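# coords please:
(2 chains)
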2 protein chains.
Amino acid sequence: MTIACELCDAGAGDILVSTDQLRVILVDDANYPGFCRVIWNAHVKEMTDLSESERAVFMQAVWKVEAALREVMQPHKMNVASLGNMVPHLHWHLIPRYTDDAHFPNPIWAAARSDAGEQPALDARRLLLPQLRQIIISNFSS
Amino acid sequence: MTIACELCDAGAGDILVSTDQLRVILVDDANYPGFCRVIWNAHVKEMTDLSESERAVFMQAVWKVEAALREVMQPHKMNVASLGNMVPHLHWHLIPRYTDDAHFPNPIWAAARSDAGEQPALDARRLLLPQLRQIIISNFSS
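So this is what the prediction gives:
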């Protein structure tokens, strides 16, 4: 690695879980409380650059986080994506989506809805974050 | 299933591979030749609704398609996403991305670049589609 990569900084962000191979971050996004990222520690660009067993470890972590998000945040739908166009270092976005959120039914990367801003349920969702932290940590310790 | 779901129609789209559990579709997107979808045949909403072994089958198919896309289309980056806000029936988008494509470095769901339209390499990429078909089919028969 000769070019600086922000995801190579293993100490950055609100880290919920950290293993030798990956870490789970709670993303600070005003519109999307509960948004998590699972980041592979090594600077690898594509899933098919990993070995089959590494991919299995990575995806198992993604599904542990999804299970916790569904249990605690009760989203209408889960969005799961590995993009990395700007930061080509493997990471998965896990975003709990709700019919009243800022972009629904579009992806969060689309333009916001014209009626966004009225999200009365956001405060209630933010109150779930301490429980989400606990469940994610617990899902990785069992 | 009481509500009509377009992804429950197993015969729709340009099907490259079809198994008992899933199918691979070549998406007809003018800006993104090579865009593929892997669709779970059963009407299931979330990855964590599948069993561990079903998830493994599904993701193994996704990585076979990614491998073929990288081999043939040589993208700058792969984008892989399971969203399903509009159609809550499990499907993975696999999109080969290039620095000169219509949205790079943004996700394809963001607003197009203001300088989009000048994509001289698009024709060359479209010419690769017959080879892509072959390699995807071959990856699933081995």
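# Any buried residues in the lowest-mean-pLDDT helix or strand in chain A, and which?
For chain A, scoring each helix and strand by mean pLDDT, DSSP states H and E identifies helix A:122-126 as the least confident one, at a mean of 94. Of the residues in helix A:122-126, A:122, A:125 count as buried by neighbour count, 16 or more other Cβ atoms under 10 Å in any protein chain shown. All C-beta atoms are positioned from the backbone trio N, CA, C, and that covers glycine.
# which residues touch it?
A:31, A:33, A:34, A:73, A:96, A:98 (Cβ atoms under 8 Å, 6 or more residues apart in numbering or on different chains).
# again with stretch A:8-22
For stretch A:8-22, contacts defined as Cβ under 8 Å, 6+ apart pick out A:1, A:6, A:23-28, A:36-43, A:54, A:57-58, A:61, A:89, A:133, A:136-137, A:140.
# Which members of the contacts of helix A:122-126 are the farthest-apart pair?
Farthest-apart pair in the contacts of helix A:122-126 is A:31 and A:73; separation 13.6 Å (Cβ to Cβ).
# So which of the two has more stuff around it?
Remark: of residue A:31 and residue A:73, residue A:73 carries more neighbours, 21 against 15, as counted by other Cβ atoms under 10 Å in any protein chain shown.
# all strands for chain A, in order.
Counting by DSSP state E, chain A has strands at residues A:14-18, A:22-26, A:36-40, A:77-82, A:91-97.
# Off-centre distance for the second one?
The chain centroid and the centroid of strand A:22-26 are separated by 8 Å, computed with Cα atoms, centre = their mean, to the nearest Å.
# okay, the angle between it and strand A:91-97?
Angle, strand A:22-26 to strand A:91-97, by axes from the mean of the first three to the mean of the last three Cα atoms, to 10 degrees: 30 degrees.
# how about strand A:22-26 as PDB, C-alpha atoms only?
What follows is strand A:22-26, C-alpha atoms only, in PDB (Å, rounded to 0.1, in the frame of the first residue of the first chain):
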ATOM      1  CA  LEU A  22     -12.400  -7.500  10.200                       C
ATOM      2  CA  ARG A  23     -14.200  -4.900  12.300                       C
ATOM      3  CA  VAL A  24     -17.800  -3.700  12.700                       C
ATOM      4  CA  ILE A  25     -18.500   0.100  12.800                       C
ATOM      5  CA  LEU A  26     -21.600   2.000  13.800                       C
END
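# Distance of the nearest residue to residue A:121 once chain neighbours are set aside relative to residue A:79?
Excluding its sequence neighbours, the residue lying closest to residue A:121 (Cβ to Cβ, 6 or more residues apart in numbering or on different chains) is residue A:100, at 6.0 Å. Going from residue A:100 to residue A:79 by Cβ to Cβ, to the nearest Å gives 15 Å.
# more neighbours, those two?
More neighbours surround residue A:79 than the other of residue A:100 and residue A:79, with 21 against 15 (other Cβ under 10 Å).
# ok, back up a step: what about the strands of chain A, which gets the closest to residue B:69?
If we rank the strands of chain A by Cβ to Cβ, the stretch that ends up nearest is strand A:77-82, at 13.5 Å.
# Include pLDDT when you put the contacts of helix A:122-126 into JSON lines, please.
Formatted as JSON lines, the contacts of helix A:122-126 follow (pLDDT from 0 to 100):
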{"residue": "A:31", "pLDDT": "93"}
{"residue": "A:33", "pLDDT": "97"}
{"residue": "A:34", "pLDDT": "98"}
{"residue": "A:73", "pLDDT": "98"}
{"residue": "A:96", "pLDDT": "98"}
{"residue": "A:98", "pLDDT": "95"}
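# could I get those residues as a markdown table with distance to residue A:65?
Formatted as a markdown table, those follow (distance: Cβ to Cβ, whole Å):
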| residue | distance to residue A:65 |
| --- | --- |
| A:31 | 19 |
| A:33 | 14 |
| A:34 | 10 |
| A:73 | 11 |
| A:96 | 10 |
| A:98 | 18 |
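# ok, now how distant is residue A:54 from residue A:98?
33 Å.
# Counting only helices, which of the contacts of helix A:122-126 make the cut?
Residues of the contacts of helix A:122-126 located in helices (DSSP state H): residue A:73.
# want to try JSON lines for the contacts of helix A:122-126, with distance to chain B as columns?
Putting these into JSON lines (distance: Cβ to the nearest Cβ, whole Å) gives the following:
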{"residue": "A:31", "distance to chain B": "15"}
{"residue": "A:33", "distance to chain B": "18"}
{"residue": "A:34", "distance to chain B": "15"}
{"residue": "A:73", "distance to chain B": "13"}
{"residue": "A:96", "distance to chain B": "11"}
{"residue": "A:98", "distance to chain B": "10"}
